[in-house]
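Enquirer: no sequence on hand, only this structure:
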């Protein structure tokens, strides 16, 4: 609480400046608060970004003001498992395609 003006304030999660409780956006950096947070910081947005961006979604998990610290660890674990799955599947696909290429290159007769 601001002692001079007797106004209750909160700290902006992005720029760390004080902002009144009744404001939905920080007047310094424009970061939303509560239901006014950007979609990519909300839970459904983070899950969508994990599916679309894979490990690059970690950036949004770390900066999200909506996600609690324990849940950030859970999202990190999910992203790590998903990334390992993608790498293993990509290696398997490469192995399979190289076998198909070898099969067609040996069987072609001119």
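Expert: Thanks, I have the structure now. For clarity, every value in this text was computed on a predicted model and none was experimentally measured.

Enquirer: tell me how far the helix or strand hosting residue 72 lies from the chain's centre.
Expert: Per DSSP states H and E: residue 72 is located in helix 69-107. Per CA atoms, centre = their mean, to the nearest Å, the displacement of helix 69-107 from the mean C-alpha position of its chain is 20 Å.

Enquirer: what of stretch 30-50?
Expert: Using CA atoms, centre = their mean, the offset of stretch 30-50 from its chain centre is 9 Å.

Enquirer: with stretch 62-72 instead?
Expert: With CA atoms, centre = their mean, you get 10 Å for stretch 62-72.

Enquirer: ends of that stretch, what's the gap?
Expert: End-to-end distance for stretch 62-72, by CA to CA, to the nearest Å: 7 Å.

Enquirer: tell me the mean pLDDT over that stretch?
Expert: Mean per-residue pLDDT for stretch 62-72: 85.

Enquirer: please apply the same query to stretch 19-32.
Expert: What stretch 19-32 shows for mean pLDDT is 73.

Enquirer: for that stretch, what is the distance to the chain centroid?
Expert: On CA atoms, centre = their mean, the centre of stretch 19-32 falls 22 Å from that of its chain.

Enquirer: what's near enough to touch residue 57?
Expert: 46, 49-50, 79 (CB atoms under 8 Å, 6 or more residues apart in numbering). The way it works is simple: take the backbone N, C-alpha and C, and place the C-beta from them, glycine included.

Enquirer: thank you, goodbye.
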